[in-house]
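Colleague: Sequence and predicted model, in that order:
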Amino acid sequence: MASKTIEIPILIAGGGPVGLALALDLNFHGTPSLVVERTATTGKEPLAKAGTFNERTMEFCRRWGLIDRIAEGFPDDLPRDTVYCTALDGELLGRSSVPSARDRGIPPVSPEMMRRCPQYKFDPILADGVMASEHAGIRYNTRMDRFEQDEDGVTSWLTDLESNEQIIVRSQYLVGCDGVRSTVREGLNIPLEVIADLDYSLSAMIEIDDIDPFHTFGRCERFMFIGPEGTWANMTSVDGLKLWRFTVVGVEASLQPEKFDIDSVIRRAFGNAGVPYTIKKVVPWRRAQTLARHYGHGRVMLAGDSTHTTSPTGGHGVNTGIADAVGLSWVLSALVDGWGTPGLLQAYEAERRPVALRNFGSSTENYKVWVAKGMDNVLADGPLGVAARRNIGNFMQSGLQQEWYSQGIALGYRYENSPVIIPDGTPAPQDHPSFYFPTARPGHRAPHAWLADGRSIIDLFGPGFVLLDFGAEPQDVDALCRAAQSSGVPLRIERIAQPEVAALYQRKLVLVRPDGHVAWRADVAPADTHAIFERLRGAHLILEQQHV
Ligand SMILES: Cc1cc2nc3c(=O)[nH]c(=O)nc-3n(C[C@H](O)[C@H](O)[C@H](O)COP(=O)(O)OP(=O)(O)OC[C@H]3O[C@@H](n4cnc5c(N)ncnc54)[C@H](O)[C@@H]3O)c2cc1C
């Protein structure tokens, strides 16, 4: 078998949304990478997977110049409402109303709004972005088989699945974005630990020309079907037009796709409404919250589903994975450029692992509302049934508030105990799944504000560090600039003479990392400016290890 060798700074195994996001963000930082994907193309099959991209993900897509195409991926006038009912021709129990993209508009806390876009459209938009980029590329039909790492780099053995040729890649770093059955994670011997094993589900992709004439509940994005046993199925719009994901919740023994009569469950949901539908595909899946014990080892790192999975109740899976990619890309870029230290790789795990626990804990809580008990009288006649249906509707609406409104999850995550963030002693604002409290406290996402020239302040962040100077008069930043230079840390000064933005950031000097997180803030630079940049590039962690 012939073999050829490729050299590249960063090799990314897996061209799903997270691998593609990593390549795009590395490109933004000017670092070359190659994505290897075992399948022949991106998003070939219209499978119903992720479909909700939160404000933070959209801020990253803004950075990569991809917003307009994503916005076209879903009708902007479809209300995001969820209808709770016993069947399409049955009783209405309640409704959670969430305005359509058109009615919602851009929120005050972000330059971008959360968007719906089916993953089979979203992933190809990222892939097109990678292919059009200067520093990143994709190789399809290429399987990552195994790797070995040494002090200077990683050697990976791949197979070209068309020619059966072996390819050897020598890279400085390897990242496994190869999904839940990650070859890279297995190669590192890192277990995926189960935090909550929730259920076994069966999802059918079904096509319906137009569902609205067949019910009286009004246009919506989702139906949740509730019986005496609780929520037994739900149906969510995939493309905002004809494609729906119909999911049955159950146990593995009863939901075997080859034996299970999914038509009978769809008929129960549709009742006598007579909805014509076509089943396109049935996919079984296990609903579980899992988390890798570590996010990498040495020069081999992990991101996305290779490190964690979640119940889709909240749509946090793909968004958390994409934020992993952005949290890792600047670190790898800093290492390749020579100013980062391996301490930043430790910090990546220390920052991102707690966020996965936080986000997916929220998804698990949402799921528990879905399957809550106490629905016995939902179909009862008379006042008993009327009261039960009203109570169940209220329970679902209030219990799932944080599933449909999760701006706090999207924007309020913080790197509280990060070893490469310098805390300023101020108390943390509340961490609420639905509500985001803007803050420039170190460790948080630097908050959005519109600048006088029409840009968002977020547009200023990366590549390299940015020192925001909010003083009424330009601050003396010479010592900070010299310290950054002596540590090799790329630094740009941005002076912002807008009092309302200064009030939001609360300090005259604020250092923002390449990933848009606040690293340090103060009114005056301290005497030891060198220590700041040594800490921000993780050098102290390496020194501490040498002294152990
Ligand atoms: C049925 C279903 C419904 C979902 N619903 C939601 C939802 O509603 N909301 C949500 O946020 N998320 C949802 N998800 C999860 C979401 O799809 C994932 O979180 C997201 O795709 C993770 O992206 P990833 O890039 O980490 O992994 P993946 O999307 O799994 O991509 C991994 C890629 O690596 C490739 N690969 C694997 N092994 C190799 C190898 N050895 N060599 C080369 N390439 C390899 C694979 O072909 C794949 O393209 C759903 C997933 C499923 C399956």
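Modeller: Arrived safely.

Colleague: Would you mind writing the CA trace of stretch 151-169 as PDB?
Modeller: Output of stretch 151-169 as PDB, limited to C-alpha atoms (Å, rounded to 0.1, in the frame of the first residue of the first chain):
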ATOM      1  CA  GLU A 151       7.900  15.600  22.400                       C
ATOM      2  CA  ASP A 152       7.900  17.600  19.100                       C
ATOM      3  CA  GLY A 153       4.600  16.600  17.500                       C
ATOM      4  CA  VAL A 154       2.100  14.000  16.400                       C
ATOM      5  CA  THR A 155       2.200  11.400  13.700                       C
ATOM      6  CA  SER A 156      -1.200  10.300  12.400                       C
ATOM      7  CA  TRP A 157      -1.900   7.400  10.100                       C
ATOM      8  CA  LEU A 158      -4.900   8.000   7.800                       C
ATOM      9  CA  THR A 159      -6.600   6.000   5.000                       C
ATOM     10  CA  ASP A 160      -7.800   7.600   1.800                       C
ATOM     11  CA  LEU A 161     -11.000   5.600   1.500                       C
ATOM     12  CA  GLU A 162     -11.200   6.000  -2.300                       C
ATOM     13  CA  SER A 163      -7.800   4.800  -3.300                       C
ATOM     14  CA  ASN A 164      -7.100   2.800  -0.100                       C
ATOM     15  CA  GLU A 165      -3.800   4.700   0.100                       C
ATOM     16  CA  GLN A 166      -2.200   5.300   3.500                       C
ATOM     17  CA  ILE A 167      -1.500   8.900   4.400                       C
ATOM     18  CA  ILE A 168       0.900   9.900   7.100                       C
ATOM     19  CA  VAL A 169       0.400  13.400   8.700                       C
END
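
Colleague: So it, near the ligand or not?
Modeller: No - against the ligand, stretch 151-169 shows no contacts by CB under 6 Å from any ligand atom, the least distance being 7.4 Å. Quick note: C-beta positions are derived from backbone N, CA and C, even for glycine.

Colleague: Now the element after the helix or strand hosting Thr57, going C-ward?
Modeller: Applying DSSP states H and E as the criterion places Thr57 in helix 55-63. Note on helix 55-63: by DSSP H and E, the next helix or strand toward the C-terminus is helix 67-71.

Colleague: what secondary structure does the spatially most central residue of the chain sit in?
Modeller: Geometric centre of the chain, nearest residue: Asn319, 1.3 Å, by CA atoms, centre = their mean. Recorded secondary structure, Asn319: helix (DSSP: H, G, I helix; E, B strand; the rest coil).

Colleague: Against the ligand, how distant is it?
Modeller: Using CB to the nearest ligand atom, to the nearest Å, we find Asn319 at a distance of 6 Å from the ligand.

Colleague: and whichever residue of the stretch 251-400 of the chain sits closest to the ligand, how many neighbours?
Modeller: Relative to the ligand, the nearest point of the stretch 251-400 of the chain is Gly304 (2.4 Å; CB to the nearest ligand atom). Under the neighbour criterion other CB atoms under 10 Å, Gly304 is assigned a count of 30.

Colleague: if I read this right, it contacts Gly321, doesn't it?
Modeller: Yes - with contacts defined as CB atoms under 8 Å, Gly304 counts as touching Gly321 at a distance of 3.4 Å.

Colleague: what do those two both touch?
Modeller: Residues touching both Gly304 and Gly321 (CB atoms under 8 Å, 6 or more residues apart in numbering): 17-18, 177.

Colleague: Helices of the stretch 1-150 of the chain, start to end?
Modeller: Using DSSP state H, counting those that start in this stretch, the helices of the stretch 1-150 of the chain run over 17-28, 55-63, 67-71, 101-104, 119-132.

Colleague: where does the closest residue to Pro447 other than its chain neighbours fall, phi/psi-wise?
Modeller: Nearest non-adjacent residue to Pro447, counting by CB to CB, 6 or more residues apart in numbering: Pro438, 3.9 Å away. The phi/psi pair for Pro438 (degrees, to the nearest 10) reads phi -60, psi 140.

Colleague: Would you mind giving me the confidence score for Pro438?
Modeller: You'll see Pro438 listed with a pLDDT of 98.

Colleague: can you pull the contacts of it?
Modeller: 109, 447-448, 504.
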